[in-house]
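Next comes the sequence, and after it the predicted model I'd like to discuss.
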Amino acid sequence: MEAIVRSKHTGMTIYVDVDRTLCTFKHVNGRKTAIPNRDVIARVNKLYDDGNTIVIYTARGRTNGKGYKELTERQLEEWGVLYHSIDYDKPLWDLLIDDKVINVYHWMQGMELPDVNMETPNASQEL
C-alpha cells in the first residue's frame, strides 16, 4: 500500500470497501461481472473532490488465494472511482465494532458521516 501523506489532504482519511459497497453481484462469486453501484461511487468521488483521502479497502483473494489486484484496479478505473491508494489487507472479520464506522446502507439513506473530532464516551461509560 502506498503511504498516505496527510499534509497534502486537509480532510479525513476514509476507507471504502469494494464488494457490496462500490459494487454488487448477481451471484456469490461474481467479482468478474460485478455491477458498479453508481450512487455510492458518486458519493465517494464527492468525498475525494472535497479533499478527503480515499483508500480502497478490500479482502479480495484473501480466502481463496486468487489474485484480484489487476481485476480490482481495472474495475475501479472503468467505474470512475477516485481514490488515493488501495489496501488489499482487509481483515477477514464477520462483524466490525468500532466508534468510527458507518454502514453503506445507512449512509446512502442520508446518515451523515461521523464527526471524527468529536469526543465520544469510553465504552465503559454509560451512553
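Thanks, I have it.

Nearest residue to T24 in space, please, no chain neighbours.
Excluding the flanking residues, the one nearest T24 by CB to CB, 6 or more residues apart in numbering is I35, at 5.1 Å. For the C-beta atoms, the positions are set from N, CA and C on the backbone; glycine is no exception.

Kindly tell me how buried V40 is, as a neighbour count.
Residues lying near V40 (other CB atoms under 10 Å) number 21.

typo on my end, V16
20.

Doesn't I14 lie inside a strand?
Yes - counting by DSSP: H, G, I helix; E, B strand; the rest coil, I14 is found in a strand.

count of neighbours near T33?
10.

so what's it scoring on pLDDT?
Predicted confidence (pLDDT) for T33: 84.

From what I see, it and K26 are in contact.
Yes - here T33 reaches K26: they are 6.6 Å apart, a contact under CB atoms under 8 Å.

The spatially most central residue of the chain: what's it in contact with?
Nearest to the mean C-alpha position of the chain, by CA atoms, centre = their mean, lies V16 at 0.7 Å. Shown in contact with V16 (CB atoms under 8 Å, 6 or more residues apart in numbering): 22, 44, 54-57, 83.

repeat that for 6 Å
Contacts for V16 (CB atoms under 6 Å, 6 or more residues apart in numbering) come out as 44, 56.

For it, list each beta-bridge partner.
Beta-bridge partners recorded for V16 (DSSP bridges): I56.

how near is it to K46?
12 Å (CB to CB, to the nearest Å).

what do you get for M12?
From M12 to K46 the distance is 13 Å (CB to CB).

quick one: the helices in the protein?
Per DSSP state H, the chain carries helices over the ranges 38-49, 69-79, 104-108.

Give me the more crowded residue out of M12 and K46.
M12 (17 against 11).

D50 is in contact with the more buried one, correct?
No - applying CB atoms under 6 Å as the test, M12 and D50 come out as separate, 9.4 Å apart.

how near is D39 to D94?
The value you get for D39 to D94, if CB to CB is used, is 26 Å.

More neighbours: the two, which one.
More crowded of D39 and D94, by other CB under 10 Å: D39, with 9 against 4.
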